[in-house]
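> I would like to see how this sequence folds:
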Amino acid sequence: MEHPYQKRDSILVHGDHVTPETGTGLVHTAPAHGVMTIIYEKKFNIETIHALDGNGFFNAEYEGLAGFPRNLKLTTLKFDILNNSGALINVEDFHHSYPYCWRQKLPNFCIDPSMVYLNG
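Okay, the predicted model is just below:
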């Protein structure tokens, strides 16, 4: 299938953790920003794509999103882009937990562990 932003081929992979009881059985991955994504990238030899820079802003190759910060307000813009490209099938509200920093009361920004460097 074609990636809706980058106009390149993408693949579909099966995930045992996704069931009809927990959703549609189809999910997206957040490249370089989630544990399951990293596991599947390694399992299926998928190149890691860094959609966000180190400050949480979309990179230039994401047309229509470049320079925007990763946040929930951006969801509407992403849906508009997908809908206008004909790639959006359905939208439903689905509430799920998301890791928050208890100190700052902000969503955690997860990145690929290979990008983390410790100075010891």
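> ok, which stretches of the chain are helices?
Taking DSSP state H as the criterion, the chain contains helices spanning 35-43, 74-84.
> In a markdown table: these, plus distance to residue 65 and mean pLDDT.
For every residue, glycine as well, the C-beta is placed using N, CA and C. Formatted as a markdown table, these follow (distance: least, CB to CB, whole Å; pLDDT from 0 to 100):
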| stretch | distance to residue 65 | mean pLDDT |
| --- | --- | --- |
| helix 35-43 | 18 | 78 |
| helix 74-84 | 7 | 77 |
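> can I get the ones you listed in JSON lines with distance to residue 21 and mean neighbour count?
Listed next are these as JSON lines, based on distance: least, CB to CB, whole Å; neighbours: other CB atoms under 10 Å:
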{"stretch": "helix 35-43", "distance to residue 21": "17", "mean neighbour count": "14"}
{"stretch": "helix 74-84", "distance to residue 21": "24", "mean neighbour count": "13"}
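> any idea how far residue 15 is from residue 70?
23 Å (CB to CB, to the nearest Å).
> And for residue 63?
From residue 63 to residue 15 the distance is 28 Å (CB to CB).
> More neighbours: which of these two?
Comparing residue 63 with residue 15 by other CB atoms under 10 Å, the one with more neighbours is residue 15, at 15 against 11.
> quick one: the more buried one and residue 40 touch, right?
Yes - using CB atoms under 8 Å, residue 15 makes contact with residue 40 at a distance of 7.1 Å.
> Could you double-check that residue 12 sits in contact with residue 40?
No - judged on CB under 8 Å, residue 12 makes no contact with residue 40 at a distance of 10.9 Å.
> Now for those two: what residues contact both?
Common contacts of residue 12 and residue 40, defined by CB atoms under 8 Å, 6 or more residues apart in numbering, are absent altogether.
> how about residue 53, what does it touch?
Contacts of residue 53 (CB under 8 Å, 6+ apart): residue 59.
> what stretches of this protein score poorly on pLDDT?
The chain contains residues with pLDDT under 70 at 3-6, 17-18, 22-34, 72-74, 94-98, 109-120.
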